[in-house]
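> model this:
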Amino acid sequence: MNRKVSRRNPKGNRRGGVMNITAVGVVATALIASPILLSATIAFRPPVCPQTRRSPMSSAVTLFATIESQQEQQAAPIQFDDQDMDISETISEENKQQQQELRTTTEEAQKKKKQRLFAKNNNNFRHNNNKAMADPVFLQKRTETLLRMTSPENDIIDSISLGNVGGGNMKVDKRTFDWLIDAWAYSGADHAVEYALRLLKRMEHFKDRMTMGGDDGDDYELYPDVKTYTKVINAIANSGKEDAGEQAEAILNRMIDMNEPLTMPNTYTYTNVIDAYARSAPYNSNAPYSAQRLAERMEELRATSTSEQVKPTARAWNSVIGAWADWMGEEMPWGEYVGSGAERAESCLDIMDELASVTGNEDVRPNSYNFNSVISAWANNGGGDAAFRAENILERMEVLYRQTGQEDVKPRTVTYNAVIDAWAKSGELDGAHRAELLLGHMMELFETGHNVDAKPNVRSFNTVLNAWAKSGVFDAPVRALKVLSRMEELASSDWDNVLPDATSFATVINAYARSNTFGKADSAYEVYTYMKEMYDATGNIKLRPNNIIYNSVLNACAFTMGDFEEQSRAIEIANSMLMELDESPYGKPDHITYGTYLKVIANQMDPSPARTEIAATVFQKCARDGMVGGMVLRQLREMGMGDEEFEELVGISIWKAPSLSDLPSSWTCNVIEGKRLRRRQFR
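Now for the predicted structure:
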């Protein structure tokens, strides 16, 4: 980004005047005077920053004229649907049951959305070419049909063909059962484990009764073998539930107790049980201990058996490392947690090295995946020396690779990115500088040919940008802009993989938002404008504006500091951004947008009736959009409203500390909480 960031208004004109904050109060007064406030609120738009500068009163009058025009088109007040509750009234007892039912319906819709996101983003989802396996509705119909036809009440002896939902036939044989269990394992559905267990139970019931004919004429016993049980355990592991490990190990023990050759657990079975413990580690403090116990048990079985049906592997230990990475520490009686999960994760590397050296089992020797997992554990640890520990592991990998030349310990781009991320999160005074030095090291390794797999990508640069944004140094925005310019320079040559994307620009904007730079709202808006011009010129989908960009600019407006003029300018830009997003093809305001806009009003306006009315207007629009999230409710509580005003707006006294579950479901139905889930919408 080579052009100088200048202070322009949102339409590109040089600043020729100041929008007095009292203009916002005039807008609020106009809204209050309206006899049908709700009607005006539904179509409310913040004041537009005009092409030609107008006086504050002129802007307010223009907006009021627009509202009056809308009122003529909406002669009657908005009638709330049965599922809504009048914003101006308290929640009545008669509506509570109805709202609970609606809330349940909304939760079910959110679960379906979660399932789609799981199927799309789960790294283990290996059936993305088979849409049927990613469709819980189809799987449920298929499973219910199979269970009904194989019910003990039916006398099934021979091969049976059943018409399925889409036409064609479904064979009642082991492969069909296994296919459905496997599909449920990767479906992401909340009831996946339930159906997998029901299918397994049916197979166990018929295993001694039936033989089904296959397409090739061979017999396929309807008999669950080690693969079947392992698939069920995998479904349990993928559920990520708190008791997933215990439930998976119970099936493992059942397989051992059967003492049958076809169902004896193997390496994959144990690995999936360990994985179940690892995925439940965020909710189960004992999970890492159990995961490591099973990995050590695998070595005992290997040492006492000649078949090597079970032996520890780097893959199994990687799940142990993952479990320790999510470990919060040992809970003390006084409520504190003691211990480092990253420290325990790193100790696993030494255990694996020793096992490989002593037993000759090279399958357990640490590889790049194990090293990367430990580096990520340190990056997420946030401890005082976390970044140093992460970089030490990287140096260990570099030494191993130079000494052995083995590809499986070679540090690659993802490894370096994880260490850069550790420095970005470290809070060290020189963290951003160390991150940028490591980026330069990657470029040198690639350009000299010493490690062509260390070539930086856009994520490498974005992580460095994030390091500068979080650094807190006085010139962080300038340093971030230099990194962004470097990305553009490289992309113009033969480094297409470092072309800045929307995340790059959003991070630079965040660098301004976190800084004490004068005029940060203007600077943030200029970065956004530059990105949008690039998108319009190139059509590059990665530069397409999204909610993250708009919210980042609003955040810069919220934390603008300075004189009266700066505060006025921040409000002006925030109004423009909110209106532009609401009318753009790039998305619609979400709960973060509304929450951040409320923060702009709270930070840039003194407490007054005008500020309260603006907050109420924005909240009403937010409620109509189904976007009342935690941030919105929190900002509204911190707005300084009186209890009567708050209760009239929300329906609950502010002293009762209302939560989202206390609100009508229609107000919250479109909220997606969680940073990762929100970001997935824009990929």
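
> what residues does the host helix or strand of Gln635 touch?
Assigned by DSSP states H and E, Gln635 belongs to helix 630-637. Residues from elsewhere that reach helix 630-637 (C-beta atoms under 8 Å, 6 or more residues apart in numbering): 591-592, 594-596, 598-599, 602, 615, 619, 622, 646, 649-650, 654, 657-660, 663, 673. (Glycine included, C-beta is placed from N, CA and C.)

> go on, stretch 251-265?
Contacts for stretch 251-265 (C-beta under 8 Å, 6+ apart): 223-226, 229-230, 232-233, 236, 269-270, 273, 309-310.

> report how many residues lie close to Asp182.
21 (other C-beta atoms under 10 Å).

> in contact with the nearest residue to it once chain neighbours are set aside, which residues?
Distances taken as C-beta to C-beta, 6 or more residues apart in numbering put Lys231 closest to Asp182, at 5.0 Å, once the chain neighbours are dropped. Shown in contact with Lys231 (C-beta under 8 Å, 6+ apart): 178, 181-182, 185, 196.

> now, those residues that are in helices?
Judged by DSSP state H, helices contain the following of the contacts of Lys231: 178, 181-182, 185, 196.

> just the closest of these to Leu437, please.
Closest approach between these and Leu437, by C-beta to C-beta: Ala185, at 43.6 Å.

> in JSON lines: the ones in helices among the contacts of Lys231, plus pLDDT and distance to Ala386.
Formatted as JSON lines, those follow (pLDDT from 0 to 100; distance: C-beta to C-beta, whole Å):
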{"residue": "Asp178", "pLDDT": "94", "distance to Ala386": "43"}
{"residue": "Ile181", "pLDDT": "95", "distance to Ala386": "40"}
{"residue": "Asp182", "pLDDT": "95", "distance to Ala386": "38"}
{"residue": "Ala185", "pLDDT": "94", "distance to Ala386": "34"}
{"residue": "Ala196", "pLDDT": "96", "distance to Ala386": "38"}
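
> now, which of those residues sits nearest Glu343?
For those, the nearest to Glu343 is Ala185 (32.6 Å; C-beta to C-beta).

> quick one: that closest one from Tyr277, how far?
Using C-beta to C-beta, to the nearest Å, we find Ala185 at a distance of 17 Å from Tyr277.

> and the two? Which one has more around it.
For the pair Ala185 and Tyr277, the greater number of neighbours falls to Tyr277 (29 against 26), based on other C-beta under 10 Å.

> next helix or strand past the host helix or strand of that one?
Using DSSP H and E, Tyr277 maps to helix 267-280. The C-terminal neighbour of helix 267-280 among helices and strands, as given by DSSP H and E, is helix 287-303.

> could I get the average pLDDT for the following helix or strand past that following helix?
Sequence-wise, the next helix or strand downstream of helix 287-303 (DSSP H and E) is helix 314-325. For helix 314-325, the mean per-residue pLDDT is 96.

> any regions of the stretch 201-350 of the chain where pLDDT drops low?
Counting by pLDDT under 70, the ranges of the stretch 201-350 of the chain that qualify are 207-221, 329-339.

> that older thread, name the nearest of the ones in helices among the contacts of Lys231 relative to Arg611.
Arg611 has its nearest neighbour among those in Ala185, at 52.8 Å by C-beta to C-beta.

> and Val473, backbone torsions?
With angles defined as degrees, to the nearest 10, Val473 sits at phi -70, psi 150.

> quick one: contacts for it?
Counting by C-beta under 8 Å, 6+ apart, Val473 has contacts 432, 479.

> which secondary element of this protein has the worst mean pLDDT?
In the chain, no helix or strand scores lower on mean pLDDT, DSSP states H and E than helix 37-42, which sits at a mean of 30.

> where does this protein have low pLDDT?
The model of the chain has pLDDT under 70 over residues 1-133, 154-169, 207-221, 329-339, 674-683.

> can you pull out the strands in it?
Ranges of strands in the chain, per DSSP state E, are 161-163, 169-171, 211-213, 219-221, 330-331, 337-338.

> quick one on the thing from earlier: and the ones in helices among the contacts of Lys231, which is closest to Ser357?
For these, the nearest to Ser357 is Ala185 (35.6 Å; C-beta to C-beta).

> which parts of stretch 316-333 are buried?
For stretch 316-333, the neighbour count (16 or more other C-beta atoms under 10 Å) marks 316-327 as buried.

> distance to Asn546 for those - can I get that in a markdown table?
Rendered in a markdown table, the data for the buried residues of stretch 316-333 read as follows (distance: C-beta to C-beta, whole Å):
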| residue | distance to Asn546 |
| --- | --- |
| Ala316 | 39 |
| Trp317 | 39 |
| Asn318 | 34 |
| Ser319 | 34 |
| Val320 | 38 |
| Ile321 | 34 |
| Gly322 | 30 |
| Ala323 | 34 |
| Trp324 | 35 |
| Ala325 | 30 |
| Asp326 | 29 |
| Trp327 | 35 |
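
> closest one of the residues you listed to Ala610?
Closest to Ala610 out of those is Asp326 (47.6 Å), distances taken as C-beta to C-beta.

> any idea how far that closest one is from Ala281?
According to C-beta to C-beta, Asp326 stands 4 Å off from Ala281.

> shared neighbours of those two, anything?
Common neighbours of Asp326 and Ala281 (C-beta under 8 Å, 6+ apart) are Pro288.

> what about the helices in the stretch 101-250 of the chain?
Using DSSP state H, counting those that start in this stretch, the helices of the stretch 101-250 of the chain run over 136-149, 174-185, 192-206, 226-239, 244-258.

> residues of the fourth one that come out buried?
Neighbour counts over helix 226-239 (16+ other C-beta under 10 Å) mark 226-239 as buried.
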